[in-house]
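Peer 1: need a structure here:
(2 chains)
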Amino acid sequence: ETGVTQSPTHLIKTRGQQVTLRCSSQSGHNTVSWYQQALGQGPQFIFQYYREEENGRGNFPPRFSGLQFPNYSSELNVNALELDDSALYLCASSKETGGTYNEQFFGPGTRLTVL
Amino acid sequence: AQSVTQLGSHVSVSEGALVLLRCNYSSSVPPYLFWYVQYPNQGLQLLLKYTSAATLVKGINGFEAEFKKSETSFHLTKPSAHMSDAAEYFCAVSDRGYQKVTFGIGTKLQVIP
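Peer 2: Sure thing, here's the model as predicted:
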């Protein structure tokens, strides 16, 4: 069983640019969540996608957007990059069956540096 | 609103000593509570979770945590620290939904030989 994978591992961008980060969910999982982990902080919830629809969002501006594809892979897009967007971006997948807790499995993350 | 507070951003213990990492939570509804571990340059791994069953929860690698509603606490313990336990530990809370998991700022555990 393949775990959650993310690409790229590291990325360097300049302020104002746009970036796309990718996540491949664990096999059989239909839900993906994205988190931002700034240096020295805990992960912060950005949003979650379930069956290709956004299913909850944290306190992040609209320039953070996402997509989930029919094969349940996912993208996180960030427009107009700011220096404070430098962080480790984590995705987590789970299989939601409704009504009960379903464990989220995390990928290794993408380290984004904005110069 | 839900939140967690982890007391102590850095904790040092001797190898073989008791590990105690503290977490207090705030939630307007009965919560789900979690402890995750993160090794350098890796993602998060679930150590254990509380989802309203037994209040004493046993996890992987010999860790356990006790849910105490009266104290709004969910402290993580391990009787005897190993060198391999050196990592960063995150307490997290969810309002019984999976839409949003709120993490604490983390506690870095150092194990001294």
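Peer 1: The least confident helix or strand in chain B by mean pLDDT packs against which elements?
Peer 2: Within chain B, no helix or strand scores below strand B:101-103, which has a mean of 90 by mean pLDDT, DSSP states H and E. Helices and strands touching strand B:101-103, by 3 or more CB pairs under 8 Å, 6 or more residues apart in numbering or on different chains; DSSP states H and E, are strand A:44-50, strand B:3-7, strand B:87-94. Placement of C-beta: from N, CA and C, glycine included.
Peer 1: try 10 Å
Peer 2: The helices and strands touching strand B:101-103, judged by 3 or more CB pairs under 10 Å, 6 or more residues apart in numbering or on different chains; DSSP states H and E, are strand A:31-37, strand A:44-50, strand B:3-7, strand B:32-38, strand B:87-94.
Peer 1: Distance from the third one to the middle of the chain?
Peer 2: Its chain's average C-alpha position is 10 Å from that of strand B:3-7, according to CA atoms, centre = their mean, to the nearest Å.
Peer 1: for that strand, packing partners?
Peer 2: So strand B:3-7, by 3+ CB pairs under 10 Å, 6+ apart, packs with strand B:19-26, strand B:73-78, strand B:87-94, strand B:101-103.
Peer 1: Would you list the strands that the next helix-or-strand element following that strand pairs with, along with their directions?
Peer 2: On the C-terminal side of strand B:3-7, the closest following helix or strand by DSSP states H and E is strand B:10-14. Strand pairing for strand B:10-14, using DSSP bridges, gives strand B:107-112 (parallel).
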